[in-house]
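[1] What would the 3D arrangement of this be:
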Amino acid sequence: MGRIRRMLDRLSSSQEDLESEELREDTETAGCTRIGDCHDRQIVTVTGTLRTVTLRPRAGVPALEAELFDGSAALDVVWLGRRSIVGIEPGRRLIASGRVSLSRGRRVLFNPKYELRPLGRE
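    Residues are numbered from 1 along each chain as shown. I've put the predicted structure just below:
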């Protein structure tokens with residue numbers, strides 16, 4: 001009965017819900033912390049998909065900002081002093097490590113150590 005229920009749930013779910021579920025499963029498989037469970041000043045390793053990538057100067061210094069989403073919540077990833085990074089683009093999956101801080105009520109990783117994930121299914 002559980003198998004049929006899961007199949008019916010998948011058929012009635014939106015595309016966004018299905019992608020969020022896939023990202024949450026990927027987070028568990030990779031052994032990373034869910035973004036929704038990250039707290040201020042905690043050192044974490046998170047994974048997800050980049051939703052947006054923008055160039056936004058901070059205090060006169062260029063800063064590349066990206067929103068990382070893992071199906072549970074979003075986190076801003078900021079590289080100070082960078083205008084672009086090869087491979088950092090919307091839709092790309094990555095793993096990022098660093099200390100979470102809160103800025104204007106949002107979780108942020110500044111200058112994280114990161115690893116780009118392969119494109120497509122692994």
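[2] mind listing what's buried in stretch 51-67?
    53, 63-67 (16 or more other CB atoms under 10 Å). C-betas here are computed from N, CA, C, even on glycine.
[3] which residues touch stretch 23-37?
    44-49, 68-75, 93, 95, 107 (CB atoms under 8 Å, 6 or more residues apart in numbering).
[4] Give me the distance between the two termini of that stretch.
    15 Å (CA to CA, to the nearest Å).
[5] Tell me, please, the helix or strand in the chain that averages the lowest pLDDT.
    helix 2-12 (a mean of 64; mean pLDDT, DSSP states H and E).
[6] now the protein, which segments are flagged as low pLDDT?
    1-2, 5-18, 20, 120-122 (pLDDT under 70).
[7] redo that, cut-off 50
    122 (pLDDT under 50).
[8] Okay, now the sheet partners of the longest strand anywhere in it, with direction.
    Ranked by residue count under DSSP state E, the longest strand found in the chain is strand 43-55. In the sheet, strand 43-55 lines up against strand 63-69 (antiparallel), strand 93-103 (antiparallel) (DSSP bridges).
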